[in-house]
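Visitor: dropping the sequence and predicted coords here.
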Amino acid sequence: MNPSQFRNQSLGLQSIKIIASNEWRAFKHNKGLLLSMLMQPLITYGLLVMSLKENLSTVNYGGLTIPYNQYALTGVLTFFMTTQMSQAMYRATVDKEYGLLAIKFTNGVQPWHYITGMSFFPMIGLVFQSTILLILGLFTGGIYNIGLLLLSFLILLISLEFWSSLGIIISTRISSYEQRDVVMTLLFSPVSYAAPTLYVFNSHSPIIIKILSAINPLSYQLKAIRTVAFGIFNWADVLIAVMITLLILIVAQLILKRMPLSLSER
């Protein structure tokens, strides 16, 4: 059976449940990953942000004067979101390397089912880290408004789908975990720090920073998250974040439909 034939078969939404269930089992059995995810909020927010707060007491954002740790907490959330792309890349690379992707497709999993199901692993990780960060924020006064912050999590999860899909796309072009690590090293730092995650851009910011920020999808996602978290509600920012995610989902589905598959281990 050739790929163009078996990709037209479908298990329906049941395939999303099957893939998500497999991802949940993989997540809860990875004790080393859980420990790493536990430490990241403690280090990034508990040490870095709280240390910077001593020198940066308040931030002016959207006409509001906000304590620095409240402003930075939303930026830390997006750190966790972008790093979860690595998990999507890892899981998708395993599927491709050992022929599991071809097996799933031959058994009726459609590309968009696959993308949705494979996003479950990064989603659990993000919720886990966000919960720890939320607890830290409650104890340190790092939350502007708990209700608004929880509402902004919806934008965070939508934006996570962008990074998960991008990770799956990249996995179709790499053939080893070493390549994945190189890609993450080269991609994560420029993306995370060329957006106003822990600082505020102003008219005096270097032009190269402004250019990198303008072409960085994280900048627009961060604006959407903050407009909700701080009660500003600029819906144009939210719409842009949603459209970016929809665009990458379409691209990822087209790539998966056309990529060559192999049932043998590489």
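Guide: Structure received.

Visitor: going forward, measure contacts and count neighbours with C-alpha atoms only.
Guide: Fine.

Visitor: low pLDDT regions in the protein?
Guide: Along the chain, the model assigns pLDDT under 70 to residues 1-12, 175-177, 180, 203, 261-266.

Visitor: show me the strands in it, by range?
Guide: With DSSP state E as the criterion, the chain has strands at 58-61, 64-67.

Visitor: kindly reformat the ones you listed as JSON lines containing distance to residue 141.
Guide: As requested, these are exported to JSON lines (distance: least, CA to CA, whole Å):
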{"stretch": "strand 58-61", "distance to residue 141": "13"}
{"stretch": "strand 64-67", "distance to residue 141": "9"}
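
Visitor: take the ones you listed and lay them out in TSV including distance to residue 244 and mean neighbour count.
Guide: Output for these, formatted as TSV (distance: least, CA to CA, whole Å; neighbours: other CA atoms under 10 Å):
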stretch	distance to residue 244	mean neighbour count
strand 58-61	23	15
strand 64-67	27	15
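
Visitor: hmm, who's touching stretch 206-217?
Guide: The contact list for stretch 206-217 (CA atoms under 8 Å, 6 or more residues apart in numbering) reads 191, 194, 195, 196, 201, 219, 244.

Visitor: which of the residues you listed has the most neighbours?
Guide: Counting neighbours by other CA atoms under 10 Å, residue 195 leads the contacts of stretch 206-217 with 27 neighbours.

Visitor: residues touching that residue, list them.
Guide: 212, 213, 216, 218, 219.

Visitor: quick one, what contacts the last one?
Guide: Contact criterion CA under 8 Å, 6+ apart gives 194, 195, 196, 213 as the residues in contact with residue 219.

Visitor: give the contact list for residue 151.
Guide: By CA under 8 Å, 6+ apart, the residues touching residue 151 are 228, 229.

Visitor: ok, 10 Å please
Guide: 145, 225, 228, 229 (CA atoms under 10 Å, 6 or more residues apart in numbering).

Visitor: before we move on, what about residue 241?
Guide: Residue 241 neighbours (CA under 10 Å, 6+ apart): 155-156, 158-159, 162, 217-225, 235.

Visitor: so which bits of the longest helix seen in the chain are buried?
Guide: Ordering each helix of the chain by length in residues (DSSP state H) puts helix 146-171 first. Across helix 146-171, burial judged by 16 or more other CA atoms under 10 Å covers 148-149, 152-153, 155-156, 158-171.

Visitor: which residues of the chain fall in helices?
Guide: 3-6, 14-28, 31-43, 50-52, 68-83, 85-97, 100-106, 111-118, 120-140, 146-171, 177-193, 207-214, 217-229, 235-258.

Visitor: looking at these, which is closest to residue 59?
Guide: Between residue 59 and the helices of the chain, the tightest spacing by CA to CA is seen for helix 68-83, at 5.6 Å.

Visitor: C-alpha coordinates for that closest one, PDB please?
Guide: Taking Å, rounded to 0.1, in the frame of the first residue of the first chain, the C-alpha atoms of helix 68-83 are listed here in PDB:
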ATOM      1  CA  TYR A  68       8.800  43.800  38.000                       C
ATOM      2  CA  ASN A  69       8.200  40.200  39.200                       C
ATOM      3  CA  GLN A  70       4.600  40.300  38.000                       C
ATOM      4  CA  TYR A  71       5.700  41.500  34.500                       C
ATOM      5  CA  ALA A  72       8.500  38.900  34.400                       C
ATOM      6  CA  LEU A  73       6.300  36.000  35.500                       C
ATOM      7  CA  THR A  74       4.500  36.100  32.200                       C
ATOM      8  CA  GLY A  75       7.800  36.100  30.400                       C
ATOM      9  CA  VAL A  76       8.900  33.100  32.400                       C
ATOM     10  CA  LEU A  77       5.700  31.300  31.300                       C
ATOM     11  CA  THR A  78       6.800  31.700  27.700                       C
ATOM     12  CA  PHE A  79      10.200  30.400  28.500                       C
ATOM     13  CA  PHE A  80       8.600  27.200  29.500                       C
ATOM     14  CA  MET A  81       6.400  27.200  26.400                       C
ATOM     15  CA  THR A  82       9.300  27.500  24.000                       C
ATOM     16  CA  THR A  83      11.400  24.900  25.700                       C
END
